[in-house]
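Undergrad: Just a sequence and a predicted model for now, questions to come.
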Amino acid sequence: MRKRRIAFTLVELLVVIAIIGILVGLLLPAVQSAREAARRMQCTNNIKQLALGLHLHHDAFRKLPSGFYDADTTTNQEAGWSWATMTLPYIEQQSVFNALRVREVNLEYYMQIITGFSHTTATPWQSFPPAVRQFVELTGSSLTLATHQCPSASGNPGMNNMQDQHYKRDDSIGIARSNYCSNGGLGTSFGITDIYQGPFFSNSNAPFAIITDGTSNTFALGERALNGTIEDKCTWLGVEKSWGNGGHTRMAMGGVQTPLNPLFSTTGARVSFSSFHTGGANFAMLDGSVRFVSDAVEFKATGPDYGIYQKLGMRNDGLVIGSLD
């Protein structure tokens, strides 16, 4: 008597494979969702740490750091350190702060030396004088400040147009990448005057006392993660030399003149807030709290009764803010 062999038929095998494929298809979105939730939580923690850095700076100096520092207060034509550079000692980066000699020299000092090299050829950064070479090493891709990097935007190169000033001499050097900008208010260019009602602008040095709308009702920091060119990213370093009033302040600052998460082709998108999180972006309020703001938040193109999003961007408009929910 012959024994029957116990095995899968071809049809049964195909059915099992199909079932496994369906289960994997159902599982992958859940895994991706869990990973994005973890990345968003890390981003929340990052921007929270930066907001605490602002508070510690205020405790030490009785004022917030400026959006950026410009020694040329007449024409806003010099490169200058940013708010983020000034908070380095308060996010456990005192050694970087000291090595950059922030208290001794302005950013313009380094930029003038770097732009003294040929404008027609990309001089290798290794050929710079020792002090400037150290500056490039500290702020280039060899040093990444994790607190300034949103995990969801990790694939974004995050450079900016300081390469036009010959800071970025070759493709291997990034420029102090950051996915977080300070809030300049209701504008698209944040220059030497306080006309956009944000808590940060050139040489602002604002105390909390001028935040008359309340620190819990005013953005301090927001995300920037545009799928644009290298010219449209934030940096924790500062702003480069400008050819106009505030032309490159978007490197350190953002505004609410444009809706959250705009299309890159939208006018003003370069200075907007944006993220790679689904449905919105993280913002730190001036009281130190962090909110996830939906990109469906109320936005009105014109005033005087602006939308909730614009109201949160202004520190002293006196307008009542409705619920974000």
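TA: Yes, it's here.

Undergrad: Could you check which helix or strand contains Tyr306?
TA: Per DSSP states H and E: Tyr306 is located in neither a helix nor a strand.

Undergrad: For it, report the pLDDT, please.
TA: pLDDT for Tyr306: 88.

Undergrad: Can you report how many residues neighbour it?
TA: By other CB atoms under 10 Å, 20 other residues sit near Tyr306. Where you see a C-beta, it was placed from the backbone N, CA and C, and this is true even at glycine.

Undergrad: I figured it hits Ile321, correct?
TA: No: using CB atoms under 8 Å, Tyr306 makes no contact with Ile321, being 10.1 Å away.

Undergrad: Return the residues in contact with Ala176.
TA: Thr139, Gly140, Leu145, His148, Thr235, Trp236, Leu237 (CB atoms under 8 Å, 6 or more residues apart in numbering).

Undergrad: quick one, what contacts Gln149?
TA: By CB under 8 Å, 6+ apart, Gln149 lies in contact with Asn46, Gly158, Arg177, Ser178, Asn179.

Undergrad: and the nearest residue to Ser182 once chain neighbours are set aside, what are its phi and psi?
TA: Spatial nearest neighbour of Ser182, excluding adjacent residues (CB to CB, 6 or more residues apart in numbering): Phe200 at 4.1 Å. With angles defined as degrees, to the nearest 10, Phe200 sits at phi -130, psi 140.

Undergrad: how close does Arg250 get to Thr144?
TA: The span separating Arg250 from Thr144 equals 21 Å under the rule CB to CB, to the nearest Å.

Undergrad: who has more neighbours, the two?
TA: The neighbour count for Arg250 versus Thr144, taken as other CB under 10 Å, is higher for Arg250 (26 against 13).

Undergrad: Let me have the contacts of Gln149 in CSV, adding distance to Arg315 and neighbour count as columns.
TA: Shown next, in CSV, are these (distance: CB to CB, whole Å; neighbours: other CB atoms under 10 Å):
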residue, distance to Arg315, neighbour count
Asn46, 23, 26
Gly158, 28, 26
Arg177, 27, 24
Ser178, 22, 26
Asn179, 23, 28
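
Undergrad: Determine which two of these are furthest apart.
TA: Using CB to CB, those reach their maximum pairwise distance at Asn46 and Gly158, which is 13.6 Å.

Undergrad: So which residue is dead centre in the protein?
TA: Closest residue to the average C-alpha location of the chain: Tyr180 at 2.2 Å, with CA atoms, centre = their mean.

Undergrad: surely Gln134 meets Ala99?
TA: Yes: taking contacts as CB under 8 Å, Gln134 lies within contact range of Ala99: 6.7 Å.

Undergrad: so where do the helices sit in the stretch 151-300 of the chain?
TA: In order along the chain, the stretch 151-300 of the chain carries no helices (DSSP state H, counting those that start in this stretch).

Undergrad: any low-confidence regions in it?
TA: Residues of the stretch 151-300 of the chain that meet the criterion pLDDT under 70 lie in 154-175, 188-194, 226-232, 241-247, 264-265, 267.

Undergrad: ranges for the strands of it?
TA: 177-178, 180-183, 219-223, 234-235, 238-239, 253-254, 280-285, 290-294 (DSSP state E, counting those that start in this stretch).

Undergrad: now for the ones you listed, which one comes closest to Asp72?
TA: Using CB to CB, the nearest of the strands of the stretch 151-300 of the chain to Asp72 is strand 238-239, at 11.9 Å.

Undergrad: if you skip the residues just before and after it, what's nearest to Gly187?
TA: Of all residues not flanking Gly187 in the chain, Tyr196 sits nearest, at 3.4 Å (CB to CB, 6+ apart).

Undergrad: count of neighbours near the one you found?
TA: Using other CB under 10 Å, Tyr196 has 24 neighbouring residues.

Undergrad: Provide a list of residues in contact with it.
TA: With contacts defined as CB under 8 Å, 6+ apart, Tyr196 is in contact with Gly184, Gly185, Leu186, Gly187, Phe190, Gly255, Met314.

Undergrad: Let me know how buried the second one is, in neighbour terms.
TA: Meaning Gly185. Using other CB under 10 Å: Gly185 sits among 27 other residues.

Undergrad: That one and Ile195, how far apart?
TA: Here the criterion is CB to CB. By it, Gly185 lies 8 Å from Ile195.

Undergrad: do the first one as well
TA: The spacing between Gly184 and Ile195, counted by CB to CB, is 10 Å.
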